[in-house]
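> please work out how this folds:
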Amino acid sequence: MQQTKFRYYDAVAYKRTNQPKAAAHTEFLRTGRIDRSPTWSPSEKRYLTYQEVAERTGRKLERAGSITHERINGFHHSIQFPRLIFHRTLAQTPHLGYCHITVANSRFAEFENVQWAFYMANFLAEIGEGEQFFAGISTKPGRMYFAVAIAPTEEEGRLTIDRKVRGNGVIFRTDDPKLAMKNVLMLGTRNEALRKIISAL
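Alright, predicted model coming up:
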């Protein structure tokens, strides 16, 4: 089956220029200004390049990632995560992407020290299986939060998913922001009293 190639246009600018206009003289009497905004015909749309769409998506993702990081670090002064915000967009669908928020180390039952990374994405998908990390990307709008175990590679500065942890490297995946925050906080503390408070949230 051939994949559909997306075309994107600037919907905000298009709506603004195609709003019903008052007569020029009444607009001037009301505001004291002459409207000099560009006039486009209703059939004219400014189409965006994939690069422009990816840049807009990236800004939104990083803004949402920063807010998420602030909320996690605002829970308790003893649970603080480093701010490591960066994003990636999907090549063929640049309106979809994910944002890296933080990394930390935790102890699991069979592993003494697991390094993991926490992400959010502006789409829903199955993750962690096979060569393609995201599979079955949903066409419905949504947001998901997930953490994966990571390990350094031979190539300096690069990380890979540590699939020894839970078979696929995925520590958790959810579309519920409250549950995601709870999971990250549980991973971030070894204080038993705090863990009880967090689990009761």
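> domain parsing for this protein?
Here the chain is described, according to automatic domain parsing, as comprising the domains 8-47, 51-199.
> possible to save those as TSV with mean pLDDT?
Converted to TSV, the domains of the chain look like this (pLDDT from 0 to 100):
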stretch	mean pLDDT
domain 8-47	60
domain 51-199	89
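> quickly compare these and say which is most buried.
Sort those by mean neighbour count, taking mean count of other Cβ atoms under 10 Å, and domain 51-199 sits at the top with a mean of 16. For every residue, glycine as well, the C-beta is placed using N, CA and C.
> name the residues that touch the helix ranked longest in the chain?
When the chain is scanned for its longest helix (criterion: DSSP state H), the result is helix 50-73. Surrounding helix 50-73, the residues in contact under the criterion Cβ atoms under 8 Å, 6 or more residues apart in numbering are 8, 48, 79-81, 83, 85-87, 89, 94-102, 120, 122, 145, 177, 181, 184-185, 188.
> can I get it as CSV, trimmed to CA atoms?
Taking C-alpha atoms only, helix 50-73 is exported to CSV below (Å, rounded to 0.1, in the frame of the first residue of the first chain):
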residue,chain,number,x,y,z
TYR,A,50,8.3,19.7,6.0
GLN,A,51,11.1,21.6,7.6
GLU,A,52,8.8,24.4,8.7
VAL,A,53,6.3,21.9,10.1
ALA,A,54,9.0,20.1,11.9
GLU,A,55,10.3,23.4,13.5
ARG,A,56,6.7,24.3,14.7
THR,A,57,6.2,20.8,16.0
GLY,A,58,9.5,21.0,17.8
ARG,A,59,8.8,24.3,19.5
LYS,A,60,5.4,22.9,20.8
LEU,A,61,7.0,19.7,22.0
GLU,A,62,9.8,21.4,23.9
ARG,A,63,7.4,23.8,25.5
ALA,A,64,5.2,20.9,26.7
GLY,A,65,8.4,19.0,27.8
SER,A,66,9.6,22.0,29.9
ILE,A,67,6.2,22.3,31.6
THR,A,68,6.2,18.5,32.4
HIS,A,69,9.7,18.8,33.8
GLU,A,70,8.8,21.7,36.0
ARG,A,71,5.8,19.8,37.4
ILE,A,72,7.9,16.7,38.2
ASN,A,73,10.6,18.8,40.0
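> right, I'll leave it there.
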